[in-house]
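Enquirer: Structure for the following, please:
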Amino acid sequence: MITVDCSRLGLRPGMRILDIGCGTGRHACEVFRWRNTFVVGADLRREDLMEARRRLTLHRAWGEHGGGQWAVAVADVVRLPFRSESFDRVICSEVLEHVPDQKQAMEELARVLQPGGRMAVSVPRWGPESVCWKLWKGYGNSDGGHIRIYRKRELIGRLESSGFSLLCHHYAHALHSPYWWLDCFSQRTGRCAAGCSLYRRILEWDILRGPTALRWVEKLLDPLLGKSLVVYVRKR
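Expert: Numbers count the residues shown, from 1 in each chain. Model (predicted):
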C-alpha cells in the first residue's frame, strides 16, 4: 500500500533516498523502480528489514527496478547513523506518531537531508484517527501504538520550526478509515468481528488488484475520509 506520491519528490538519476521507518519496504520498493537511484530502507525492527531485503532482492531478480542500488539498515529516527546532508530525498511514512521525542526526530531528518532536498512525511489524519481513539481506548495504548494525533497545522508548524518549508499536501486511503473504525468498535464490544474480517479481505483485494473504479472512488473520498495526511516539504 503506497501512501507517498513519489512523483512529487522530484526524483532524478543518481539521487540517494532514505526511507526511514521503512517497515517491510513498501516505499523503498516503489522508489527502487525509479531510474538509477540509491535507496536505503531503515527501521528498528530487524524482522521487518529482513522482509524488506527479501522484497528488494525479488524486485531486482524480476527486473522490476530502474537500474539503481539499495541497502537496508537498522536505525532509530532520533539517532540516525548517517552523515549530515547525505541524502537528496527522505521518506518518513507513518513514523512520527509513534516517536516520543518528535522534535529530535525532525531535527535528525533535517540533518541528514541536503539543503534544498525534499521530504515526504505521512501521519494518520486527525479526524479519522480521533474517531479510533474515541471508539476504543486500547487503540493508542497497544504495543507500538500511536501516542499522538497530528492536526495538519501542527505538523506543518513543527516541520517549519525544524528548518523545512511546505511544498504541498494531500490525503490518502479513504477506504481504510471505515475499516479501522469497525476494528476499534469490534475490539471494544466483541461484536462485528465477521464484518471487520470481510472488510479487511476487500481492502487486501483492492491493494493486490487495484481496480480502476475503486481507485477513482477512493480518490474522490480522500479529501473527506483520507486516513493519512501526506505533507511534502523542502529543507531550507
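Enquirer: can you give me the helices in the chain?
Expert: Counting by DSSP state H, the chain has helices at residues 26-32, 46-61, 102-112, 126-135, 138-141, 152-161, 176-189, 193-209, 212-225.
Enquirer: Show me how far the worst-scoring helix or strand of the chain on mean pLDDT is from its chain's centre.
Expert: Least confident helix or strand, the chain: helix 138-141 with a mean of 76, by mean pLDDT, DSSP states H and E. Helix 138-141 sits 20 Å away from the centroid of its parent chain (CA atoms, centre = their mean, to the nearest Å).
Enquirer: In it, which residues are buried?
Expert: Buried positions in helix 138-141, judged by neighbour count with 16 or more other CB atoms under 10 Å: Tyr139. C-beta here means a position set from N, CA and C on the backbone, and glycine is covered the same way.
Enquirer: What are the contacting residues of that helix?
Expert: The contact list for helix 138-141, computed with CB atoms under 8 Å, 6 or more residues apart in numbering, reads 132-133, 145-147, 184, 187-188.
Enquirer: circling back to that earlier point, looking at the helices of the chain, spot the one closest to Phe38.
Expert: Across those, Phe38 has its closest neighbour in helix 26-32 (9.3 Å, CB to CB).
Enquirer: coming back round to it: any chance of JSON lines for the contacts of helix 138-141, columns pLDDT, distance to Leu198 and neighbour count?
Expert: Output for these, formatted as JSON lines (pLDDT from 0 to 100; distance: CB to CB, whole Å; neighbours: other CB atoms under 10 Å):
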{"residue": "Cys132", "pLDDT": "93", "distance to Leu198": "19", "neighbour count": "21"}
{"residue": "Trp133", "pLDDT": "92", "distance to Leu198": "24", "neighbour count": "16"}
{"residue": "Gly145", "pLDDT": "76", "distance to Leu198": "24", "neighbour count": "12"}
{"residue": "His146", "pLDDT": "88", "distance to Leu198": "25", "neighbour count": "19"}
{"residue": "Ile147", "pLDDT": "89", "distance to Leu198": "30", "neighbour count": "13"}
{"residue": "Cys184", "pLDDT": "93", "distance to Leu198": "16", "neighbour count": "20"}
{"residue": "Gln187", "pLDDT": "90", "distance to Leu198": "16", "neighbour count": "18"}
{"residue": "Arg188", "pLDDT": "90", "distance to Leu198": "19", "neighbour count": "13"}
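Enquirer: Throw those residues into CSV and include distance to Leu175, thanks.
Expert: CSV is the format used below for those (distance: CB to CB, whole Å):
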residue, distance to Leu175
Cys132, 15
Trp133, 20
Gly145, 22
His146, 20
Ile147, 25
Cys184, 16
Gln187, 20
Arg188, 22
